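> Model the following, please.
(one chain, ligands or ions: 1)
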Amino acid sequence: MNVLVVNAGSSSLKYQLFDTEKNLVKAKGVCERIGIDGKIVHKSADKEAYVAELPMPNHSVATSILVKTLTDPVYGCVSSMKEIEAVGHRIVHGGPYFSKSVLVDDEVISKLELCRDLAPLHTGPHLMGIHGCLEAMPGVPQVLVFDTAFHQTMPEEAYIYPVSYDMYEKYHVRRYGFHGTSHRYVSGEMIKLLDKPAEETRIITCHLGNGSSITAVKGGRVIDTSMGFTPLDGVTMGTRCGSIDPAIVPFIMEKEGYTPAQMNEYLNKKCGFLGVSGISSDCRDICEAMNKGDRRSSLALRLLCYEIKKYIGSYAAAMGGLDAIVFTAGIGENTPIVREMATDGLEFLGIKLDKDANNNVKRPITTTCLSAPDSKVKIYLIPTNEELVIANDTAEIVSAMKKA
Ligand code: ADP
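Just a heads-up that it's a prediction; the model follows:
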């Protein structure tokens, strides 16, 4: 099935066209500056790239342009719009309403509307993307795949925060968790590599990118995850602070005279690697500066690795043991020093990294075992593929719908 995977942001719309039977990306691209002026950058497999500045006043026009580009005789990859059989949308927040991927209908849209409050920066653009596709591709079934859905299996004690219970009842304040599509994909791949029944597996997945989260997956189901009510919680990130003493928030607000919105911006954009190092939010820059002797870049990296290590310890305890640790995403896949420092000294838990394997991962990166042969716990690098999960979920749901 040809599935168009869409990731709609406030002024951009990233897309990939998948052939799910052949497991192939036929084309990918992005519509940028929607609502400002408009630009499309498109590339079909084996064809020349197409870049054009075209007016895109809204997501509906942007979607029409991308469909036109996909069907273009020179730059496109399908002969008519009819060949786009389904659309799968990446949705950041499904709130407490969605525990799996769903086919879009009026009720689903109403429920997604309720998530605006929980993720205002993402939900509005997602809805514009969905409406844009409904208008530009009438009759083509659409599926929503949520970053939060995989985490909906957490037990109450993992998702309830110890604030007064009415905050949960009134405002749905709870841990949701994010990057669920990535954690689901890499834990699923890891389960296939373990020599035991899926329901007995205990895996920690470390999605370390610009945003990072760590998840405990027991028997294929999430029991805990480091991101929380928002993607600000958990380990230190590119520009996000991760978990801090909550009393720091009003303290800094008072000292600096920040409004709630300014404080939110500060915690999301000025902290993490950038805030600690004062140099960059990018792990490559941090590693480079550290290698040149920059003390605060070294501190930023040590801080992250120390936090990952603490999550590994606590999630191993929460699961009553551990079979595998998976590293994935930009930093997890590309930064051997992080994998080394995060697992260093954990031999007492049966975790032993093969440093040679860790430092010599072949490129292009594929699934690679990084644990020593005598390590009780397997350590793996598994490149994540969120778009593939979205495409496959979409194809599965739409095929089932067509059969029914
Ligand atoms: P996002 O969360 O935005 O999807 P990524 O998963 O791409 O981010 O991760 C971005 C981080 O990964 C950056 O800190 C960057 O330094 C690091 N990273 C990405 N690619 C590489 C690479 N090829 N080599 C080293 N680090 C990389």
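> Quick check: residue 207 touching residue 329?
Yes. Counting by C-beta atoms under 8 Å, residue 207 does reach residue 329; the two are 4.7 Å apart. (C-beta placed from N, C-alpha, C; glycine too.)
> Which residues are in contact with each of these two?
Common neighbours of residue 207 and residue 329, counting by C-beta atoms under 8 Å, 6 or more residues apart in numbering, are 179, 182, 384.
> Can you flag the buried ones in the residues you listed?
Those of the shared contacts of residue 207 and residue 329 that meet the buried threshold are 179, 182, 384, by 16 or more other C-beta atoms under 10 Å.
> Could I get the contacting residues of the first one?
In other words, residue 179. Contacts of residue 179 by C-beta under 8 Å, 6+ apart are 147, 207, 211, 213, 215, 227, 329.
> Contact partners for the first one?
Residue 147 is in contact with 90-94, 178-181, counting by C-beta under 8 Å, 6+ apart.
> Closest one of these to the ligand?
residue 179 (8.3 Å; C-beta to the nearest ligand atom).
> mind checking how far that closest one is from residue 39?
Residue 179 sits 28 Å away from residue 39, taking C-beta to C-beta, to the nearest Å as the criterion.
> Over to residue 343?
When residue 343 is compared with residue 39 (using C-beta to C-beta), they lie 43 Å apart.
> Pull the CA coordinates from stretch 261-277 and hand them back as PDB.
Extracted C-alpha coordinates of stretch 261-277, given in PDB (Å, rounded to 0.1, in the frame of the first residue of the first chain):
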ATOM      1  CA  ALA A 261       5.200  32.000  29.500                       C
ATOM      2  CA  GLN A 262       8.800  33.300  29.800                       C
ATOM      3  CA  MET A 263       9.700  30.700  32.300                       C
ATOM      4  CA  ASN A 264       8.300  27.900  30.100                       C
ATOM      5  CA  GLU A 265      10.300  29.300  27.200                       C
ATOM      6  CA  TYR A 266      13.400  29.400  29.500                       C
ATOM      7  CA  LEU A 267      13.000  25.800  30.600                       C
ATOM      8  CA  ASN A 268      12.400  24.500  27.100                       C
ATOM      9  CA  LYS A 269      14.900  26.600  25.100                       C
ATOM     10  CA  LYS A 270      17.700  27.900  27.300                       C
ATOM     11  CA  CYS A 271      18.600  24.900  29.500                       C
ATOM     12  CA  GLY A 272      20.000  21.400  29.000                       C
ATOM     13  CA  PHE A 273      23.200  21.100  27.000                       C
ATOM     14  CA  LEU A 274      22.900  24.700  25.800                       C
ATOM     15  CA  GLY A 275      22.300  26.100  29.300                       C
ATOM     16  CA  VAL A 276      25.000  24.100  31.100                       C
ATOM     17  CA  SER A 277      27.700  24.300  28.400                       C
END
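> Between residue 343 and residue 39, tell me which one has more neighbours.
residue 343 (26 against 18; other C-beta atoms under 10 Å).
> That one against residue 316, yeah?
No. The pair residue 343 / residue 316 is not scored as a contact, 11.9 Å apart, by C-beta under 8 Å.
> Now residue 353. Its backbone dihedrals?
When read as degrees, to the nearest 10, the backbone of residue 353 gives phi -80, psi 140.
> Next, the contact list for it, please.
Contacts of residue 353 by C-beta under 8 Å, 6+ apart are 339-340, 343-344, 370-372, 375, 379.
> What of residue 36?
residue 11.
> which element is it on?
Here residue 36 sits in a region with no helix or strand, counting by DSSP states H and E.
> For the ligand, see how far away it is.
The gap separating residue 36 from the ligand is 21 Å, by C-beta to the nearest ligand atom, to the nearest Å.
> Need phi/psi at that residue.
Main-chain dihedrals, residue 36, degrees, to the nearest 10: phi -110, psi -80.
> how close does it get to residue 56?
For residue 36 relative to residue 56 (C-beta to C-beta), the value is 8 Å.
> Then residue 378?
For residue 378 relative to residue 56 (C-beta to C-beta), the value is 46 Å.
> what about the two, which has more around it?
Between residue 378 and residue 56, counted using other C-beta under 10 Å, the more crowded position is residue 56 (27 against 20).
> Report the residue spans of the stretch 101-250 of the chain with pLDDT below the cut-off.
The model of the stretch 101-250 of the chain has no residue with pLDDT under 70.
> And the helices in it, which stretches?
For the stretch 101-250 of the chain, the helices defined by DSSP state H, counting those that start in this stretch cover 106-114, 120-136, 156-159, 165-171, 180-193, 248-256.
> What of the stretch 251-400 of the chain?
260-269, 272-277, 283-291, 295-319, 329-334, 336-343, 355-359, 386-403.
> got the angle for the fourth one vs helix 336-343?
When axes from the mean of the first three to the mean of the last three C-alpha atoms, to 10 degrees is applied, the directions of helix 295-319 and helix 336-343 differ by 50 degrees.
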